[in-house]
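S.K.: sequence first, predicted model second:
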Amino acid sequence: MKTRTEDIPSQEVMPQKFLLWSTLLAVAFAWIFWDFLQRQFWFAVEQQADWGHTLVIPFIAGYFVWLCKDKLLREPFQRAWLGLIPVILGLAWYSLCALGPTAMHHHNLMGAGVASTFAGLVLFLFGWRAMRYLWFPLLYLFVFALTISDRFMEVITFELQDIASVGSYYGLSFLGLDVTRAGNTLEIFYDGNTYPLNIAEACSGMRMLMAFFALGVAMAYTSLNYVWQQIILVVLAIPTAVFVNILRVMTLGLLSIADSGFAAGDFHTFVGTLWLIPAFLIYLGIVWVLKNLLIEEEEEFEEEEQVQNNIRFTGSAVSGFVVAVVLLASSAVAFQFGVSSLNVYLHKEAVFPRKNFSLLPIQLEGWTRVGEDIRFDKAGVEALGTDLYLSRTYVSTNRSMPAVQLHVAYYTGQVDAVPHVPDRCMVAGGFVPLTSEPMTLPLDIDQSTWSEDESESLGGIPYRIIDEEEEIIRLPFGEFELRTTQFSHPQIGTDRVFAGYFFVANGKTTAYPERIRLLAFDRSSQYAYYCKIQFTIRGDRDFTTEQFVEIVSTFTSEMLPEIMECLPDWAELNASTNQMNQES
């Protein structure tokens with residue numbers, strides 16, 4: 001004989017008791033997902049301009065729940081055991097991403113497991129009827145409270161840069177200014193002077209876009225009654241963000257005429273923040289227009305039944321919370337056991353260069369520095385993503401050879417690897433690639449002074465070293481290849497610019513940006529770093545890619561040991577890590 005739901009008595013739960021069990025559940029939830037939640041928090045704190053809004057999203061989602069509080073409390077909550085299925089699947093997926101292959105250890109992939117677990121817990125504890133009102137706050141939370149991968153964002157960012165540069169060009173020209181545009185760089189000619197304005201990624205409008213989407217969805221949900229109105233408002237988030245960003249770039253362009261410092265640094269950020277106010281007013285105007293497109297007749301409301309403010313559950317509420325807490329806590333224990341058994345490091349510790357890159361020699365055999373090292377302003381450093389870099393130009397004693405610009409950028413203490421490479425950055429600066437895809441070519445590095453390390457090895461393979469009088473310099477593992485692109489530019493006539501790069505990541509080399517995660521973020525490594533080593537040469541129309549690679553090979557043969565002397569010694573780092581693990 002089956003027991004009908006109506007026959008099961010409902011139990012009222014005191015708010016204090018409900019809060020206690022909710023707190024225990026939150027602690028268990030945070031225990032197993034602590035690595036993810038901590039990383040998400042630091043994303044929002046360290047990249048406030050891009051992801052600071054994610055800290056506010058949970059409160060907005062909570063407000064959505066509060067709006068439907070009366071509907072939720074009208075009937076008792078009835079537990080749905082099917083909710084345990086997405087909980088278990090979410091826990092399994094999160095564990096696979098965290099403990100499985102390095103390629104799966106990705107913030108967004110892990111976030112899918114967190115979202116599935118959270119939604120399953122809500123369904124399990126409060127039932128299907130409650131999900132009729134809670135699905136939207138949950139969806140809003142999962143979509144807008146999580147940081148989106150830079151790899152995906154950069155695709156859209158690059159397009160927004162083009163739109164912002166074109167719109168700003170026509171806007172400034174309309175104001176009567178003499179403006180030229182090359183890629184995403186504008187030059188304003190005023191009173192005999194030139195004022196360059198680089199629309200960097202930090203000023204692309206991407207910062208506004210996700211916040212605008214979140215704002216648009218929130219306003220659509222709370223202010224508009226019809227679905228078509230809500231869809232229009234959300235869709236208009238993109239053109240609104242782009243339009244406001246164009247106005248922001250125009251403002252920076254006009255201010256740079258008065259003082260070039262206004263277009264960079266803290267003032268640059270302040271201008272961007274200031275433009276959020278008229279952006280919000282524009283959005284309010286759109287809401288007003290959408291509301292007044294239809295004149296609705298006032299509805300006569302019948303007297304509503306008495307609102308139920310008590311929290312009630314069909315059957316025992318405590319048993320549901322006990323099951324959820326025990327499931328999460330036991331999963332957390334099993335997860336920590338897996339981390340320990342598999343020797344997985346969920347947090348990659350920062351490891352910094354042994355020497356400052358500015359200490360690289362200004363004179364090498366056959367090469368001498370010319371001019372001063374290039375230092376970027378705050379906006380440039382922000383776009384580069386690190387303040388550990390060197391940009392320096394060397395000339396050869398053989399005057400027939402062109403100068404080589406060396407650029408070294410070092411990254412550590414990050415949760416992902418999205419390096420800035422010429423394939424994208426130089427295009428943004430107005431350079432036109434002459435090949436559809438970069439070419440990867442081998443470097444012919446002189447290894448005559450290299451030998452095998454008799455004391456240290458990696459995976460049974462000895463390190464290659466240069467044994468100097470004062471110290472031993474260990475070279476990275478892997479093939480030395482150069483990822484090369486040839487560019488033209490309207491301002492250099494028929495000359496060509498050749499740019500090539502490779503990376504050293506956790507003591508290994510690669511020429512491919514997408515392979516850095518597999519090297520630097522290997523789950524068994526406690527530390528993570530990668531270093532981009534880039535070379536740029538300008539040549540005439542007869543200068544070839546083969547000549548470029550030959551010059552870079554000669555230069556790298558002399559410079560690589562000096563760079564490796566600055567980078568962490570991976571053998572020593574692993575040895576110290578193993579010693580600490582044995583002692584603990």
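M.R.: Cool, the structure landed.
S.K.: on the three-state scheme, Asn420 is what?
M.R.: In this structure residue 420 is His, not Asn. Look at His420: counting by DSSP: H, G, I helix; E, B strand; the rest coil, its state is coil.
S.K.: OK, contacts around it?
M.R.: For His420, the contacting residues are Ala383, Leu384, Gly385, Ala409, Lys532, by C-beta atoms under 8 Å, 6 or more residues apart in numbering. Using the backbone N, CA and C atoms, a C-beta is placed for each residue, glycine as well.
S.K.: quick check: Ser223 touching Val289?
M.R.: No. Between Ser223 and Val289 no contact is recorded; they are 12.0 Å apart, counting by C-beta atoms under 8 Å.
S.K.: got the confidence number for the residue nearest the centre of the chain?
M.R.: Among the residues of the chain, the one closest to the centroid is Asp150, at 3.7 Å (C-alpha atoms, centre = their mean). We have a pLDDT of 70 for Asp150.
S.K.: looking at it, it is touching Val418, isn't it?
M.R.: Yes. With contacts counted by C-beta under 8 Å, Asp150 reaches Val418, the gap being 4.1 Å.
S.K.: worst-scoring helix or strand of this protein, pLDDT-wise?
M.R.: Within the chain, no helix or strand scores below helix 265-274, which has a mean of 68 by mean pLDDT, DSSP states H and E.
S.K.: now do the residue nearest to the centre of the chain against Pro490, distance only.
M.R.: 30 Å (C-beta to C-beta, to the nearest Å).
S.K.: same check on Val27?
M.R.: 61 Å.
S.K.: same check on Val408?
M.R.: 29 Å.
S.K.: and those two? Which one has more around it.
M.R.: Val408 (21 against 12; other C-beta atoms under 10 Å).
S.K.: please, which helix or strand holds the more buried one?
M.R.: Following DSSP states H and E, one finds Val408 within strand 404-412.
S.K.: which strands or helices does that strand pack on?
M.R.: When contacts are defined as 3 or more C-beta pairs under 8 Å, 6 or more residues apart in numbering; DSSP states H and E, strand 404-412 packs onto strand 389-396, strand 529-539, helix 545-566.
S.K.: hmm, who's touching it?
M.R.: 350-353, 357, 360, 367, 384-386, 388-396, 417, 419-420, 527-537, 551-552, 555, 559, 563, 567.
S.K.: among the residues you listed, which ones are buried?
M.R.: With neighbours counted by 16 or more other C-beta atoms under 10 Å, the contacts of strand 404-412 contain buried members at 351, 353, 357, 360, 367, 384, 386, 388-396, 417, 419-420, 527-537, 551-552, 555, 559, 563, 567.
S.K.: can I get the strand holding Val408 as CSV, trimmed to CA atoms?
M.R.: Extracted C-alpha coordinates of strand 404-412, given in CSV (Å, rounded to 0.1, in the frame of the first residue of the first chain):
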residue,chain,number,x,y,z
VAL,A,404,67.1,42.0,-32.7
GLN,A,405,64.5,43.1,-30.2
LEU,A,406,64.4,40.7,-27.2
HIS,A,407,61.3,40.4,-25.2
VAL,A,408,61.2,38.2,-22.1
ALA,A,409,58.0,37.9,-20.0
TYR,A,410,57.7,35.7,-16.9
TYR,A,411,54.5,34.4,-15.4
THR,A,412,53.9,32.5,-12.1
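S.K.: partners of that strand, with directions?
M.R.: strand 389-396 (antiparallel), strand 529-539 (antiparallel) (DSSP bridges).
S.K.: could you check the angle it makes with helix 545-566?
M.R.: Relative orientation of strand 404-412 and helix 545-566, computed by axes from the mean of the first three to the mean of the last three C-alpha atoms, to 10 degrees: 50 degrees.
S.K.: sorry, back to before: tabulate the strands paired with strand 404-412 (a markdown table), appending distance to Leu252 and mean pLDDT.
M.R.: As requested, those are exported to a markdown table (distance: least, C-beta to C-beta, whole Å; pLDDT from 0 to 100):
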| stretch | distance to Leu252 | mean pLDDT |
| --- | --- | --- |
| strand 389-396 | 24 | 96 |
| strand 529-539 | 27 | 95 |
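S.K.: that older thread, quick check: what element follows the least confident helix or strand of the chain along the chain?
M.R.: That would be, after helix 265-274 and using DSSP H and E, helix 276-292.
S.K.: what number of residues lie near Arg354?
M.R.: Count around Arg354 with other C-beta under 10 Å applied: 12.
S.K.: is it in contact with Cys566, as I believe?
M.R.: Yes. Judged on C-beta under 8 Å, Arg354 makes contact with Cys566 at a distance of 6.0 Å.
S.K.: what is the helix or strand where Thr484 lies packed up against?
M.R.: Applying DSSP H and E as the criterion places Thr484 in strand 481-488. Judged by 3+ C-beta pairs under 8 Å, 6+ apart, the packing partners of strand 481-488 are helix 422-428, strand 432-433, strand 439-442, strand 496-505, helix 545-566.
S.K.: list the buried residues in the first one.
M.R.: Under the neighbour-count criterion of 16+ other C-beta under 10 Å, helix 422-428 has Pro422, Asp423, Arg424, Cys425, Met426, Val427, Ala428 buried.
S.K.: for Leu139, state which of the residues you listed is nearest.
M.R.: Distance ranking of the buried residues of helix 422-428 against Leu139, using C-beta to C-beta, places Arg424 first at 32.2 Å.
S.K.: doesn't Ser358 belong to a helix?
M.R.: Yes. Assessed with three-state DSSP, Ser358 lies in a helix.
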